[in-house]
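**Q** Build the 3D model from these lines:
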Amino acid sequence: MSMPLASRIKSTGERLLPPTTRERRAAERQEVASQAAEKRRLAKIARRRRELCESDSAVGPFTLAEGEYLGRVVEHFTAAGASARNLELVTAALEHAGLDHFLVRGRSPLRHVVGVHRRDRKQFLDAMRELYGASTVFAVKPGKGGVVDSYSAYVDGALAEEIKSGLIIRFAEPLLSPTGRVLGGFEYGCDVQFWREGADLLERENAADLVRRLRVQAPPEVLADSWVAPTRNRVADVLPSAQRKPATLQVNDREYPTFESFTWKLVDDVDFPIDVVYTWVDGDDPEHAAKRARHRGGSVSVNSRAANASRFTSHDELRYSLRSLEMYAPFVRHVHLVTDDQVPEWLNTGAAGVSVVDHRQIFEPEALPTFNSHAIGARLHHIPGLAEHYLYFNDDVFLARSVQPNRFFHANGIAQVPFSPFQFGAGEPVVGEPAPNSAGKNVRALFAEDFGRHIVHKFKHTPHPQIRQVALDVEERYRPQVQRTARSRFRALEDVGFAATMHHHYALLTGRAVPGEYQMRYVDIGSAEAAERLAAIEDSDEVEFFCLNDYDTPPEAQERVTRMVQEFLESRFPFPSRFEKST
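**A** Take a look at the predicted model:
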């Protein structure tokens, strides 16, 4: 059929235009077509997302890099559970496709790694599309150092080419709180590594360069008989056929296939029991307040803040600190809560893994009652059944993200102690200075005489790694000073700082501790900058621990401060832990 007259006239007119004009108009038409195609694509994505939300009430929106996406709203969250969930998503697709796979000992403690032969990549991706094409699962291209290079949501359609062609693809379903906060993101995804035949690698033009990058240097005949990983792991990136012996690894009570080498207990694995010890007081308890008032008048050489009521005020921090522990520290064996004849009304004392320890169980009768944190810290190692290695928490210290036992101890039991840049200062203890300064100076005098070294630095407000034998040794060697501190009802100028200053420095001086690096933030919740500091914690991905310390909040500000703190903590730790009574 011939072209209509109007179209022929228009086409002829176009040809008569100057080349630059024709090019400009062609580019404009292309731009209009591209915009129309993008509009159709976005409309299709919006429709698919709308259909997903309508079909699944547990799907909710969240913001990522200024864009809105969909994740799964959950009613409970732990970091270990999030990584196990993503592992289950991946292995379900592999099993659906009937593909062989194996767990790999990856280098990140945040996520699991699954090895798959490279020839099976397309079949695996087809299975993922079949199972999760209309879901909140994402595929991610991981970059160096854990940075995310790019990502695609399955519900949005085809995966980006740069993702699906990679030798490593991470799969993750973002997990959201009921308010839309991302609790588990791409960091807990499951990495699928596509392993290659060593023989194929040797035939590549850049084989020499590829072989040089391997962590396992093997002769060509061994490499030709091996599978080769696309990146490093904790055991070996080259697996000869003779070493591919089937075995299993357990994750969350489920057995997964692997190879024997990936089941080894490694020399740097921390596998000894680690407990947690909290000290807690309910300063709002009228009986406790009356008892404190009765004894306060008789105390001597008391630091100006030692009996300040704000130091004993509860903002329900312990409840949220325990939630953070359950969310981010699955390795903890048992929690010991040290109190003065008090039990939080919400605490489930029958829960597995928690015990309430009364002061009467660890103090001599004549030392009670005590309101002195230095005294309490000097008796923690007498808790019945306490593990040799434990973490000492104040109830205002929280975990901000997932941590592992090797964050606090080396595999040989040596502690990594959290030195602070703040110092005790020179000279003798003086009335009016912060209690940790005077207590640290007293310890300095003892150690200078015995070891010929002067201690200078305080320690951060973080979990404190403790070794029970170190505490026993310190108590034995400095019995008069430790006993005097343990019998001081309020903080006194003569106290020694036992649980941090004394324990940590003595362990360092006797070869049982080394300095550790702790990413933490400290917030004085009664200060004018408190809200700004809390916002900075929210904006940071680097913070491991934070402390919300009530240094000296005036009574008229207590209600406002309590509301601010509880709103912050409820957002970060929204779900009751197993340590709480069911409501």
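
**Q** hey, let's count contacts and neighbours off CA atoms from now on
**A** Will do.

**Q** which one is residue 354 nearest to, not counting chain neighbours?
**A** Using C-alpha to C-alpha, 6 or more residues apart in numbering and skipping residues adjacent in sequence, the residue nearest residue 354 is residue 335, 4.6 Å away.

**Q** ignore the last one, residue 184
**A** Sequence neighbours aside, residue 175 is the residue nearest to residue 184 in space, at 4.9 Å (criterion: C-alpha to C-alpha, 6+ apart).

**Q** low-confidence ranges in the chain?
**A** 1-17, 297-314 (pLDDT under 70).

**Q** what helix or strand does the closest residue to residue 430 other than its chain neighbours sit in?
**A** Once its chain neighbours are removed from consideration, residue 430 has its nearest residue in residue 438; the separation is 6.8 Å (C-alpha to C-alpha, 6+ apart). With the criterion set as DSSP states H and E, the secondary-structure element containing residue 438 is helix 435-451.

**Q** Give the buried residues for that helix.
**A** Of the residues in helix 435-451, those buried by neighbour count under the rule 16 or more other C-alpha atoms under 10 Å are 435, 436, 437, 438, 439, 440, 441, 442, 443, 444, 446, 447.

**Q** Out of those residues, which comes closest to residue 160?
**A** For residue 160, the closest of the buried residues of helix 435-451 turns out to be residue 436, at 55.9 Å, with distances computed as C-alpha to C-alpha.

**Q** Not counting sequence-adjacent ones, nearest residue to the closest one?
**A** The spatially closest residue to residue 436, leaving aside those adjacent along the chain, is residue 497, at 6.7 Å (C-alpha to C-alpha, 6+ apart).

**Q** wait, what's in contact with the one you found?
**A** For residue 497, the contacting residues are 374, 377, 378, 436, 439, 440, 443, taking C-alpha atoms under 8 Å, 6 or more residues apart in numbering as the criterion.

**Q** Am I right that residue 356 is in a strand?
**A** Yes. Per DSSP: H, G, I helix; E, B strand; the rest coil, residue 356 lies within a strand segment.

**Q** Isn't it up against residue 350?
**A** No. Assessed by C-alpha atoms under 8 Å, residue 356 is found out of contact with residue 350, at 10.0 Å.

**Q** Give me the more crowded residue out of the two.
**A** Each of residue 356 and residue 350 had its neighbours counted (other C-alpha atoms under 10 Å), and the higher figure belongs to residue 356 (18 against 12).

**Q** Next up, identify which helix or strand the nearest residue to the more buried one once chain neighbours are set aside is on.
**A** With sequence-adjacent residues excluded and distances taken as C-alpha to C-alpha, 6+ apart, residue 356 is closest to residue 337, at 4.8 Å. Per DSSP H and E, residue 337 falls inside strand 335-339.

**Q** in that strand, what's buried?
**A** Along strand 335-339, the positions that meet the burial threshold by neighbour count (16+ other C-alpha under 10 Å) are 335, 336, 337, 338, 339.

**Q** same question, stretch 540-548
**A** Applying a neighbour-count criterion of 16+ other C-alpha under 10 Å, the buried positions in stretch 540-548 are 543, 544, 545, 546, 547, 548.

**Q** Could you list everything the last one pairs with in the sheet?
**A** Residue 548 forms beta bridges with residue 523, as assigned by DSSP bridges.

**Q** quick one, what contacts it?
**A** Applying C-alpha under 8 Å, 6+ apart as the definition, the contact partners of residue 548 turn out to be 396, 397, 522, 523, 524, 525.

**Q** and if you look at residue 215?
**A** Under the criterion of C-alpha under 8 Å, 6+ apart, the contact partners of residue 215 comprise 232, 236, 237.

**Q** ok, and the most crowded of these?
**A** Within the contacts of residue 215, residue 237 tops the neighbour count with 19 neighbours, counted by other C-alpha under 10 Å.

**Q** nearest residue to it other than its sequence neighbours?
**A** By the measure of C-alpha to C-alpha, 6+ apart, the closest residue to residue 237 outside its immediate chain neighbours is residue 229, 4.9 Å from it.

**Q** all helices of the stretch 301-450 of the chain, in order?
**A** Read by DSSP state H, counting those that start in this stretch, the stretch 301-450 of the chain holds these helices, from start to end of the chain: 317-328, 359-362, 373-377, 435-451.

**Q** Same list, the ones you listed, but as TSV with distance to residue 104 please.
**A** Converted to TSV, the helices of the stretch 301-450 of the chain look like this (distance: least, C-alpha to C-alpha, whole Å):
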stretch	distance to residue 104
helix 317-328	22
helix 359-362	45
helix 373-377	42
helix 435-451	46
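
**Q** Quick check: residue 486 touching residue 374?
**A** Yes. Contact status for residue 486 versus residue 374: in contact at 7.3 Å, counting by C-alpha under 8 Å.
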